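S.K.: sequence and predicted structure, then a few things I'm wondering about:
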Amino acid sequence: MLVKVYGSAVFGVEATTITVEVNITSGIGYHLVGLPDNAVKESSYRITAAFQNNHYKLPGKKIIINMAPADLRKEGSAYDLTFALGILAASGQIKADNISDYLIMGELSLDGSLQPIKGALPIAIQAKKEGFKGFILPKQNVQEAAIVSDLEVYGVDNITEVIRFFDEGKELERTIINTREIFYNQLNDFDFDFADVKGQESIKRCMEIAAAGGHNIILIGPPGAGKTMLAKRLPSILPPMTLQEALETTKIHSVAGRIKENVGLMSQRPFRSPHHTISDVALVGGGAYPQPGEISLSHNGVLFLDELPEFKRGVLEVMRQPLEDREVTISRAKFTVTYPSSFMLVASMNPSPGGYFNDPSAPVSSTASEMQRYLSKISGPLLDRIDIHIEVTPVPFDKLSDERKGESSVSIRERVTKARELQFIRFRDLENIHYNAQMGTRQIREFCKLDENSKLLLKTAMERLNLSARAYDRILKVARSIADLENSECINGVHISEAIQYRSLDREGWLA
């Protein structure tokens, strides 16, 4: 008897429906075809044990299972439940007249209970597109899949529940969530707040400008100055995610299996902080079956690279193209996948191997040549993609001991959001440009026009501070963001003056 059951395979952040054809005839043997990997092939052992422990049996006949389309590589253990239901239906052990109305996925334990799967959200989206009535999957993934409206989503704990649903008509509990209500209720739920930061007013101002324009930023300062603390609070002042951004971000984390149990739509911008020993594949994504890397997991959020010079040079260099294109394409012999990677890069570093500036009173001081050699570990092309350089100095005792709270993230976020709204209007007719940091040369010339006094100020600063040529466009972009925070249509000398301060590493003699 031939039965068709439906599962799904995920490639990149999109899902493809897989038709599982189970044919049982006279003879002996278990044959699985359709380019399965080892995890898929091992499903027969899990299915056999699950059947035995739930009073069913694997038929002693010839079982042929085909996974169509047969030219697509199938991977993972999420097809166990699909195969098991197909075998039971094809062997006549259960009635399953309406099994083709549902998409079924789940990994079986030997006792018949279900383990979570990866990619539940893109699978649910595809199931709705193709007109399936419902989606049956492990209960741990049900919140994630239930984000998709107009699709019946059923979370189950074990195979027996699914069997009774098809064989006896016993109802499963459908999961329905109000996506918008949950999303908007969690928008302002942060673990970190700028109100807890003592002092560092100039650095907080700098972070506000970076958030307003989507600028990449590097923090340079000695150990204990507060670089990591400030970076962790940056997501709390970024504009709230839109529902579309939240869906994109959740899909990527779903594919990577990073969604927490019983969590649906991600409403907080991601903050990723990989260790400096990370490989280039782990950072940009890849592997035999390409998975998203850290730059994609930080899509619509922040990628924080602590101790930047300690990262391997090759690892940092692979970020150059994704920083420009806002996506990363991973190619293999038989297929290519593209993951989005639009993130804010926040890097921090000590100014020298010893960690301190050229200060005689410091515990470990370094010479200018040592500091220059340390800084040179970061390539010019990568540094060229970082708009803001800021020096972070230790907080004095009187500010550390001050009991008063600083300005809250909510207040800063309101100003940042208003600045982003101005940029949205400004760039609404331009494709792939949404905020100031994404401006190219043409947009800079159009939207960052200077009056004569501002031009003279910028010229004088570049000559006196020996600023590099690459600093020119960066200063204009940052000045545009400063002007947006003040709701100013024009860039003036005050905006230019402040922007010039944020190009520390471009100044000749900075280490002198």
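M.R.: Cool, the structure landed. Numbers count the residues shown, from 1 in each chain.
S.K.: count residues in the vicinity of Gly92, would you?
M.R.: Residues contacting Gly92 under the criterion other CB atoms under 10 Å number 12. To be clear about C-beta, it is placed using only N, CA and C from the backbone, and glycine gets the same treatment.
S.K.: helix, strand or coil for it?
M.R.: Following DSSP: H, G, I helix; E, B strand; the rest coil, Gly92 is assigned to coil.
S.K.: how about the CA coordinates for the helix or strand where Val22 lies, as PDB?
M.R.: Assigning secondary structure by DSSP states H and E places Val22 in strand 14-25. Only the C-alpha atoms of strand 14-25 are listed here, as PDB (Å, rounded to 0.1, in the frame of the first residue of the first chain):
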ATOM      1  CA  GLU A  14      13.300  29.300   3.400                       C
ATOM      2  CA  ALA A  15      11.600  25.900   3.600                       C
ATOM      3  CA  THR A  16      10.800  23.400   0.900                       C
ATOM      4  CA  THR A  17       8.000  20.900   1.300                       C
ATOM      5  CA  ILE A  18       9.100  17.300   1.100                       C
ATOM      6  CA  THR A  19       6.700  14.500   0.000                       C
ATOM      7  CA  VAL A  20       7.500  11.300   1.900                       C
ATOM      8  CA  GLU A  21       6.100   8.300  -0.100                       C
ATOM      9  CA  VAL A  22       5.900   5.100   1.900                       C
ATOM     10  CA  ASN A  23       5.300   1.900   0.000                       C
ATOM     11  CA  ILE A  24       4.900  -1.500   1.700                       C
ATOM     12  CA  THR A  25       4.800  -4.600  -0.400                       C
END
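S.K.: buried set for that strand?
M.R.: Within strand 14-25, the residues scored as buried using 16 or more other CB atoms under 10 Å are Glu14, Ala15, Thr17, Ile18, Val20, Glu21, Val22, Asn23, Ile24.
S.K.: list the contacts for the most centrally placed residue in the chain?
M.R.: Nearest residue to the geometric centre of the chain (CA atoms, centre = their mean): Leu297, 2.4 Å. The contact partners of Leu297, by CB atoms under 8 Å, 6 or more residues apart in numbering, come to Ile252, His253, Ala256, Arg258, Pro270, Arg272.
S.K.: tabulate the buried residues of strand 14-25 (TSV), appending pLDDT and distance to Gln501.
M.R.: Shown next, in TSV, are the buried residues of strand 14-25 (pLDDT from 0 to 100; distance: CB to CB, whole Å):
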residue	pLDDT	distance to Gln501
Glu14	91	45
Ala15	94	48
Thr17	97	55
Ile18	97	57
Val20	97	62
Glu21	97	67
Val22	96	68
Asn23	96	72
Ile24	95	75
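S.K.: and of these, the nearest to Arg474?
M.R.: Glu14 (35.8 Å; CB to CB).
S.K.: check contacts around the closest one.
M.R.: Taking CB under 8 Å, 6+ apart, we find Glu14 in contact with Pro122, Gln126.
S.K.: so what pLDDT did the residue nearest to the centre of the chain get?
M.R.: With respect to pLDDT, Leu297 scores 95.
S.K.: just the contacts of Leu297 now: which is nearest Ile218?
M.R.: Once CB to CB is applied, the member of those that ends up nearest Ile218 is Arg272, at 16.7 Å.
S.K.: around that closest one, how many other residues sit close by?
M.R.: Using other CB under 10 Å, Arg272 has 18 neighbouring residues.
S.K.: ok, it touching Gly301?
M.R.: Yes: with contacts counted by CB atoms under 8 Å, Arg272 reaches Gly301, the gap being 7.1 Å.
S.K.: doesn't Ile87 make contact with Ile47?
M.R.: Yes: using CB under 8 Å, Ile47 makes contact with Ile87 at a distance of 7.0 Å.
S.K.: ok, back up a step: where is pLDDT lowest across the contacts of Leu297?
M.R.: Lowest pLDDT among the contacts of Leu297: Arg258, with 88.
S.K.: before we move on, the earlier item: touching both of Ile47 and Ile87, which residues are there?
M.R.: Leu58.
S.K.: show me this structure divided up by domain.
M.R.: The chain breaks down into these domains under automatic domain parsing: 2-167, 185-406.
S.K.: residues making contact with the helix or strand following the strand holding Val22?
M.R.: Using DSSP H and E, the helix or strand that follows strand 14-25 in sequence is strand 29-33. Strand 29-33 is contacted from outside by Val40, Lys41, Ser43, Ser44, Leu58, Lys62, Ile63, Ile64, Ile65, Asn66, Met67, Ala70, using CB under 8 Å, 6+ apart.
S.K.: tell me which residues in stretch 212-228 are buried?
M.R.: Residues 212-222, 225-228 are the ones in stretch 212-228 that count as buried (16+ other CB under 10 Å).
S.K.: closest one to Arg373 out of those residues, please.
M.R.: Ile220 (15.2 Å).
S.K.: my guess is that closest one contacts Thr393. True?
M.R.: No: under the criterion of CB under 8 Å, Ile220 makes no contact with Thr393, lying 10.0 Å away.
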